[in-house]
Structures are given as C-alpha cells and as structure tokens.
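J.: sequence below, structure please.
(2 chains)
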Amino acid sequence: MSLEKPSRDTALDVGVTEDGLDYDALADLLGGHVLDREEHVNAEGFVIRPDEVQEVLSTLKEEAGFDHCACVTAQEYDDRYESIYHLRKFDDPTQELSIVVPSPKDDPHNESAARVYDTADWHEREAYDLVGIDYDDHPDLRRILLPETWQGHPLSQDYNQDQPQIVSLREHANPLEDDKRSEDDPDTMFVNIGPHHPATHGVLHVETVLDGEQIADLEPDIGYLHRCEEQMCQQGTYRHQIMPYPDRWDYISAGILNEWAYARAAEDLADIDVPEYAQVIRTMSAEMCRIASHELALATFALDVFGDFTAVFQYGIRDREIVQNLLEDLTGQRLMFNYLRLGGVAWDLPEPREEYFEKIRDFLDDLPHKLEEVHDLVTGNEIFQMRCVDTGVLSKEQVKQYGATGPVARGSGVDYDLRRDDPYGYYDELDWNVVTEEGGDNFSRVLVRLREVEESARIIEQCVDLLEQWPEDDREIQANVPRTLRPDPDKEIYRSVEGAKGELGIYIRSDGTDKPARFKIRSPCFSNLQTLPEMSQGEYIPDMIASLGSLDIVLGEVDR
Amino acid sequence: MQSAPLPETLANLLELDPNSTVVMIVLSLAGAGLIGTLMMTNTALAGPWAKRKITAAFTDRIAVDRIGPYGLFIIVADAVRLLSKELIVPEGVDRPAWDLAPLIIASTALLGFAVIPMGNGIHLADPEVGLAYVFAVASTTSIGLVMAGYASNNKYSFLGGLRAVAQNLAYEIPLILTGASVVIFAGSLQMSEIVAAQQQSLIGPLPSWYAFVNPFAFVLFMIANLAEVGRNPFDIPEAPTEIVAGYQTEYSSVYFVLIYLGEFIHIFLGGAIIATIFLGGPAGPVLPGIVWFLIKIWGVFLFTQWARSAVPRVRIDQLIEIGWKGMLVLSLANLLLTAVIVGVTV
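T.: Presented below is the predicted three-dimensional model:
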C-alpha cells in the first residue's frame, strides 16, 4: 500500500490532511452540488439532489479517490425517503464520506449509482426491495431478497404487515422450462444450480446459461434465507436485545466477529469506552472465530474441488473442533455465542485460568504442524494447483468496483484490512501482518485464508501472554453502561469491523428511544457474491463451483 | 496351473457327462451363479461396509460400529433400507431406456468375470479372445451410462452422461493399448495363457508378473483404470458438487442400488483385470489361489478408495487433455517399445 502512494496523482487526495479529512475542501470540489452538510458520527454527510448522484459520485471517485462504496442505506422518514452512500477509500478506510440523497415522499426516486460503482447494483436493488425507492438508470431494478410477487416494501412506513402475500410457484424459475436460447447463440442450455444443490453451501440459486460445459451467463438469485434481521434489530433494545442476532448472520462460527460489528457501532454511537482487559479478550476470541471460520472455508472449498467428504474436509472440521471447544469453554456456546456486551464482555475467562491458557497454547503449538499437513495435502497437490491456479480470476479493479473485501480482496492484492486500517479492539498494540496474494485466483484466496490462520494464531498468542500477566485487581470486563441505553436522537453512524469474510458494517440511526430507528447491515458476503458472474464468465462449471467455494459465502449473511 | 473351466470341473465333481449339452448348459449357469454370487458378496461387503470403514480410516473417523461386530450387520440394514425405498419415476423420462440403463450398468460389469481365472478352478470360461472380451463388456457399461443420462430428462443427468462418454473415449484407448502390450509379452489373448506366462521367476524369488516386467505399463494401466471406473481424480461423470450426481441423479430405490452395485462391480472388474494381466492372477505363496486373487482385487479397490480420499478431481477439459495428449501418446509409445523389445529378444 505504501509503495503505491508516491506515484499517486495528488488530485486524488482532495481534502486529505494530517489530522483527517478536510470536508470543506471536498465540499469545494463538489461546489454547488452540496445542498447541505450533516454531521454523522463516523463522517460528514453531504446532502445532494437526487438527480445528481452519478455526477457527484464519479467526481468523488475520480478526483477525490473514494474508490470504495461500502454500503447503500435506504430509509424512510416522516417527510422524505433517503439513500445514503457510504464512501471510503481502500487505501485508508478512515477517510469516509456519506452522500445523503433525499427523495420526495410521494414519488421516491433518485439516480442510480450503479454506473459509477458496480457494487451499488445489488445494494440499490435491496433498497428498492425493502424500502421502496426507485433508482433511475439502474441496469436491472428488480427485487432481490423478496420474491417478485411481493406486495409492498417491508421497511417502508405504510407497509401493511397483515396483507396476505401469495408467492405462486409460477414466479420461481421453472426447472423444467424450455431452454433459454438467445438469437445469437442458439446452442445454450439453461440450468438451475440450486437452491438445492450440493455445492451451494446453503440455499443459493444460481441461474446459469451453459454453452456446452462453459458458463455463458450466470446470475446468483438470493433471498432464500432472508430472515428480516434488520427489522428484528430495529425492534430490539440496544442494551441487550440486539446482541444475540449478529451470531445468526454469519452463523458458521464467526459469531464473535459479528457481535463485535454491532458492539463497535453501538458503543461509538453511545460513547461507551470499553476496558482494555475486555478488549484483549474480545480480540482473542474474535481471532479464534476467524480461525474456526477459515478452517471451515478451507474444508468446504476442498469439498468442492475434491468432490466429496474427503480427508481434507474432515481434517478441516477436526481442527476447527478444537477452536470450537476453546470458544465453548469461554462463552458456554458453540455457535451462537452471545458473549460480547456493550462496553465489555459477558464474563471473564473460565477458571482455572492456567488450565485454559494451557489449552490455548496446546492448540497453538499443534497448529503449525496441522497447517503443514494441509499444505502437503492441498496446496502442494499438482492437481489442486491445476484446478485452482488462474481460475476464477478477479482483478484488483473488479474487487474495488464490486466492493469485495476480506480474503477475497486480499487474494487479489488489495491490501485492505480494517483491523489495521481502521483499528479497533487491541489490534494496533499487537504484532501481526496483513496477508495479501497477488494472483486473484482461487488458489490465492485459499492461500490467503491459510496464512491468515497463522496470523490469527500469532494474535491469540500475544493476547494470551497479555492476559496471563494482567494484574488481578485490574480485570475489568465491563464498563459502566446505563441499564437502558438511549442515544441522542438523530445520531447516525456507520461502523465496520473485519469479519471473517470481510468488511462487516452496521449503520444505526437513533431517534432518542432505546431502539434503533434504522439498523442496516453491510454484509461482506453480499458484496463478495456479486463478483461471481465476473469470475465465472466463460469458465467451466467446475471452476464456477470452485470460485463460489473460494468466495466463502454464508447465505445467512448474504440474505440476512 | 492350467485347470479346466468351472462347468467341466463341476461335471467331474458331480460325475455327470461333460459331453451332454444340457448338462453343460445347466452347469454353466450354476457356475455363473457361483461366480456372480461371489462377486456380489464382495460388492455387498465393499459398498455399505468396507467403503465406509476405509474412508473413515483415511479421515480420522470410526464409521459404522453399532450393528454387529465391527458394524458388519449394516450390510443387512442397508440392503433392507435401500430396497424398501420408494421408486420415484420422474415425469417425462424415456422408458424403457430409463429402466434398462441400471440393468446394463450392473450386468455388463458382472459379465466380465466370466473369463477371469480366479484360482482353484474358479474360471467359468477360457476363450481364446479372453482379454478382448473383458475390455469389450467393460466398455459396454458406457452405453448404460449414456442411456441413463439421456433418458432421465434431467440436465444434470444429461451432462453426466455426456461426460461419461467423453471420459470413456479418452481412457479406453490407452487402457486397451496398454493391455495390448501385455498381450505382446504373453503372446496370447487367452486369460489362462497370460496368467501362465507370469509364473516364471524374474529375478530370484520375484515372479515375472508384468507389473514387475513393465512397471511403466502397470502405472499407465492403473491410472487409466481409475478413469475407467470413475473414481477420483476422474469421478467427473458423477462429480457430486458440480452436477449433483450426474447420470444417476434421477434414480432411486432398486435402480439406485443397481447403479451403485454396478459401479462397485466395475471397480472389482478393473481390479480383476489388473490382477490377471499384471499381478499374476491367482498366483501367490502358501495361501490358495482364490484368496490371493481376492487380496489382489481388494488391493486395487483400496487404491481407488485412497485416491478418492486424497486426490482432487480434475476438470473435464483437463481430463480429455490428459487422456488424448498424455496417456494415449505414452501408451502408444509403450506398445511400440514393447513390440520392438519382444521382437528383438524372442
């Protein structure tokens, strides 16, 4: 990252100063486009006209270097609809800017950002689906999470929850329907891969058009696991009722990482400081979750490439089991941890502490040997390399366009890790590295995950050292947080953490009550999955399946 | 070593007239039944039980151990379970092709055992074209696969059927060419002759099994055989994570059992061919021939299961490339070289 900076056009650094962004300079850049300026907790929000979205965003992208459209949040107020584009930079995600686009209540529509950021395509479809804002000039504005026949937009104010919804079978793609034969290529065959298919790791439906064995066209169809997580969070109180939900987004052992996303957003919103001791425990347990999650990612990827529940899969599960036991000792749960609290963690380490530390150290001592075994069996295998090197290639440019994050981005050489770039917890005090690979192919993504396991192990080791030496009278696990949390009205925040799959962000708007007025989840899998068509176009079915596996999506997080 | 085929042996044993056609037909059928039962027993042991145990050993698990000693009675339980399932016939399947396919897949593999000498006189027939016959019936399985794939009215089955054909075309030729190199050595297609030719000593106690005489051909044949029986790294026609289960996607109940059975018999037939033409057939010290023969075919079975547990699957285009550009060239070279060497020395 630092290597790139000197060659950069200075114009891309508009408003960048020593102590953060100078929003006045950015406002000057946009000139008359900025109608108003709002103060959000994480960044300033520039209010712009709904028909100037593309102009403003491309100016910001091309001249001010905001190359990452992290999230699009839509919401309805009493007097207007609003879309917020959360922009940041891949080089320095602490440089943030929100573009707020209000649109009229009676006919909510604004210009689409999909022409500027490819990632906005799905994000705006979701906004249209759940909130009901129309995006002009959108390439394909359809519902994304709910079925096509759904009546109304569930997160809009006038939505009638009692209205019967009829989703006829006809509305789903019929698996027996005649092949879609396009005029210019009459020899294609339409295949539904999923929602029930051995390789989709959940309920994903990939509408595929095949030309022989090659992918001519492909479109992921999501929403089968949509559980209204955002709305459920809006109905829970900040203090206790929301925390169990994040465990259910990326439900594959990444629970504490998800909880941390909510904890971080809510704590920053309500100005809660977390005791250092609790931060160390959080850091340690979060990295355990990352190891568990990456082990499973490797296992399932092997399942896709090897073709069956073979040795690699079982080894992955076996190694994950040990981390899982450590987490169970700590939290009392194996998947749905519910361990973090606003301002700390639920309880201290299990007693006797020495025994627990011993267990962790045993695990860490065994890990290099186990990874060695995996490298022998998987990454060193010629057939595996034949299958994975140079397949499912995702370029740096595509990664940024689609807002892909996590191992997917780092596998394409995008050096972006929020643990380092937007530090939280105890990460900036510890000695570890961000892993990147330049290949951008399936193989690189696997390598990144394997090497990240090593880095996570280093972090855990340092945390254990710290916890072991922590003075006994200073083990504060919980800050003083009021029983009922009522953040000041109309505060808005977008905060993200480095989840197992990438940037897991939460947007919260408070309205003075003890429940959020809008709770929006920025799921890394959702953005990562968008890259699948780019990766698989023209490749063979097995490579598409491998790419899907290497994206490591969890449908619980994609659909929320 | 050269013993009479099974029907004659039976006739002598039962003191019946070996020149009567009726007696020979009845005894041939009885012999076929015997060999068929023997192979089915092996398959029954392999499918529900040994496969699980072997895979479990490779993957640090225990597998079935609740029912009977070492979980052996799972064979009975599985048989009951599989046979009592509902046979679902999907809409629009092309009958009777759809019904015939499982029969063809299961029976063709079984037919191959007719000419395999298993030791202790268990040898149904010994035609002069024995090896050619085995290759011919083993390849017939492909017809069953195509029928299953095409008749199922399912796109995954269709893809699986096409893959099966492409794969078999790419691998049958190297397989047969490598087999032919053994024929050059032995100077005969007759199975008993091939086995007999491997009885001399090569160096010291090492017998002149063709696996030792020409290890290169042996390796080529083992690889081609993996593709022939469709096991990793070449389980492309089924490829569970890609095309669900390929040609067998739409089959359930008895038909599923037949296809599954056919696959296992096919693996054993591959093992039997390898044992016969490369490993000296039933030859071996101390133990009776049939035991050695079974050990050898189970050894090959173990090898396929090992490959399945540890090796990733190649892509279909890569497989075709390996087959046509690699294996075919190598097996041709092997054939020519063998011909030259045999021509010069003999």
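J.: which residues are in contact with the closest residue in space to B:Asp94 that isn't next to it in sequence?
T.: Ranked by Cβ to Cβ, 6 or more residues apart in numbering or on different chains and with sequence neighbours excluded, the top spatial neighbour of B:Asp94 is B:Ala151, at 3.9 Å. For every residue, glycine as well, the C-beta is placed using N, CA and C. The neighbourhood of B:Ala151, defined by Cβ atoms under 8 Å, 6 or more residues apart in numbering or on different chains, consists of B:93-95, B:97-98, B:101.
J.: do you know how far the residue of the stretch 451-560 of chain A found nearest chain B is from A:Ala199?
T.: Here the residue of the stretch 451-560 of chain A nearest chain B is A:Pro542; by Cβ to the nearest Cβ that distance is 4.8 Å. Applying Cβ to Cβ, to the nearest Å, the value for A:Pro542 to A:Ala199 is 9 Å.
J.: please enumerate the shared neighbours of the two.
T.: Taking Cβ under 8 Å, 6+ apart as the criterion, A:Pro542 and A:Ala199 both touch B:Glu242.
J.: and the residue of the stretch 101-250 of chain B closest to chain A?
T.: Among all residues of the stretch 101-250 of chain B, B:Thr241 sits closest to chain A, at 4.1 Å; criterion: Cβ to the nearest Cβ.
J.: and that residue, what does it touch?
T.: The neighbours of B:Thr241, taking Cβ under 8 Å, 6+ apart as the test, are A:198-199, A:303-304, A:307-308, A:545.
J.: can I get the residues you listed in CSV with distance to A:Asn192, secondary structure and neighbour count?
T.: Putting the contacts of B:Thr241 into CSV (distance: Cβ to Cβ, whole Å; DSSP: H, G, I helix; E, B strand; the rest coil; neighbours: other Cβ atoms under 10 Å in any protein chain shown) gives the following:
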residue, distance to A:Asn192, secondary structure, neighbour count
A:Pro198, 14, coil, 19
A:Ala199, 13, coil, 25
A:Leu303, 21, helix, 21
A:Asp304, 18, helix, 26
A:Gly307, 21, coil, 25
A:Asp308, 22, coil, 19
A:Ile545, 14, helix, 26
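J.: which of the residues you listed lies closest to B:Gly33?
T.: Of all those, the one with the least separation from B:Gly33 (Cβ to Cβ) is A:Asp308, at 34.3 Å.
J.: what's the neighbour count on the nearest residue to the closest one once chain neighbours are set aside?
T.: The spatially closest residue to A:Asp308, leaving aside those adjacent along the chain, is B:Pro240, at 6.2 Å (Cβ to Cβ, 6+ apart). Taking other Cβ atoms under 10 Å in any protein chain shown as the neighbour definition, B:Pro240 ends up with a count of 19.
J.: could you measure B:Pro240 against B:Leu330, distance?
T.: When Cβ to Cβ is the yardstick, B:Pro240 and B:Leu330 sit 30 Å from each other.
J.: got the residues of the stretch 1-150 of chain A near chain B?
T.: Contact residues (Cβ under 8 Å from any Cβ of the partner chain) of the stretch 1-150 of chain A with chain B: there are none.
J.: sketch out the low-pLDDT regions of the stretch 1-150 of chain A for me.
T.: Counting by pLDDT under 70, the low-confidence segments of the stretch 1-150 of chain A come to A:1-12.
J.: give me the number of residues near residue 63?
T.: Chain wasn't specified; assuming chain A. A:Glu63 has 16 neighbours, counted by other Cβ under 10 Å.
J.: hmm, no, I was thinking of chain B.
T.: Applying the criterion other Cβ under 10 Å, we find 17 residues in the vicinity of B:Ala63.
J.: need the contact list for it.
T.: Contacts here follow Cβ under 8 Å, 6+ apart; on that basis B:Ala63 touches B:52-53, B:55-56, B:71.
J.: for the record, mean pLDDT for the strand or helix carrying B:Val340?
T.: Taking DSSP states H and E as the definition, one finds B:Val340 inside helix B:328-345. What helix B:328-345 shows for mean pLDDT is 87.
J.: widest-spaced pair of the contacts of B:Ala63?
T.: Using Cβ to Cβ, these reach their maximum pairwise distance at B:Thr55 and B:Gly71, which is 13.2 Å.
J.: still on that earlier bit, I'd like the distance between the residue nearest to B:Asp94 and A:Leu298.
T.: Here B:Ala151 is placed at a distance of 39 Å from A:Leu298 (Cβ to Cβ).
J.: tally of neighbours for the residue lying closest to A:Trp347 once chain neighbours are set aside?
T.: Spatial nearest neighbour of A:Trp347, excluding adjacent residues (Cβ to Cβ, 6+ apart): A:Ile477 at 6.7 Å. Counted with other Cβ under 10 Å, the neighbours of A:Ile477 add up to 18.
J.: again, but for the one 5 residues further on
T.: Using other Cβ under 10 Å, the number of residues around A:Pro482 comes to 13.
J.: for it, which non-adjacent residue is closest in space?
T.: Take A:Pro482 and drop its neighbours on the chain: the residue closest to it by Cβ to Cβ, 6+ apart is A:Arg239, 7.8 Å away.
J.: circling back to that earlier point, so the residue of the stretch 451-560 of chain A closest to chain B makes contact with A:Met386?
T.: No. When contacts are counted by Cβ atoms under 8 Å, A:Pro542 is not listed as touching A:Met386 (11.3 Å).
J.: mind listing the shared neighbours of the two?
T.: Each of B:Arg315 lies in contact with both A:Pro542 and A:Met386 under the rule Cβ under 8 Å, 6+ apart.
J.: more crowded one of those two?
T.: Between A:Pro542 and A:Met386, counting by other Cβ under 10 Å, A:Pro542 is the more crowded of the two (26 against 16).
J.: element containing that one, please.
T.: When elements are defined using DSSP H and E, A:Pro542 is found to belong to helix A:541-551.
J.: now that helix: how far from the chain's centre is it?
T.: Helix A:541-551 has its average C-alpha position 19 Å from the chain's average C-alpha position, going by Cα atoms, centre = their mean, to the nearest Å.
J.: mind giving me the packing neighbours of the helix or strand just after that helix?
T.: Following the chain from helix A:541-551 toward its C-terminal end, the next helix or strand by DSSP H and E is helix A:555-559. With contacts defined as 3 or more Cβ pairs under 8 Å, 6 or more residues apart in numbering or on different chains; DSSP states H and E, the packing partners of helix A:555-559 are helix A:524-529.
J.: please save the CA atoms from the helix it packs on in PDB.
T.: Only the C-alpha atoms of helix A:524-529 are listed here, as PDB (Å, rounded to 0.1, in the frame of the first residue of the first chain):
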ATOM      1  CA  PRO A 524     -19.300  -8.700   3.200                       C
ATOM      2  CA  CYS A 525     -20.700 -11.900   1.600                       C
ATOM      3  CA  PHE A 526     -23.400  -9.900  -0.100                       C
ATOM      4  CA  SER A 527     -20.900  -7.700  -1.900                       C
ATOM      5  CA  ASN A 528     -18.400 -10.600  -2.500                       C
ATOM      6  CA  LEU A 529     -21.100 -12.800  -4.100                       C
END
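J.: tell me the helix or strand right after that helix.
T.: Helices and strands here follow DSSP H and E; after helix A:524-529, the next one along the chain is helix A:532-536.
J.: near chain B at all, that next one?
T.: No. On the criterion Cβ under 8 Å from any Cβ, helix A:532-536 is out of touch with chain B, staying 12.5 Å away.
J.: any residues touching that helix, and which ones?
T.: A:206, A:215, A:217-220, A:392-394, A:398, A:402, A:543-544, A:547-548, A:551.
J.: OK, contacts around residue 43?
T.: Reading this off chain A. Contacts were defined as Cβ under 8 Å, 6+ apart; by that measure A:Ala43 touches A:21, A:86, A:96-98, A:494.
J.: sorry, I should have been clearer: chain B.
T.: By Cβ under 8 Å, 6+ apart, the contact list for B:Thr43 reads B:261, B:264-265, B:268.
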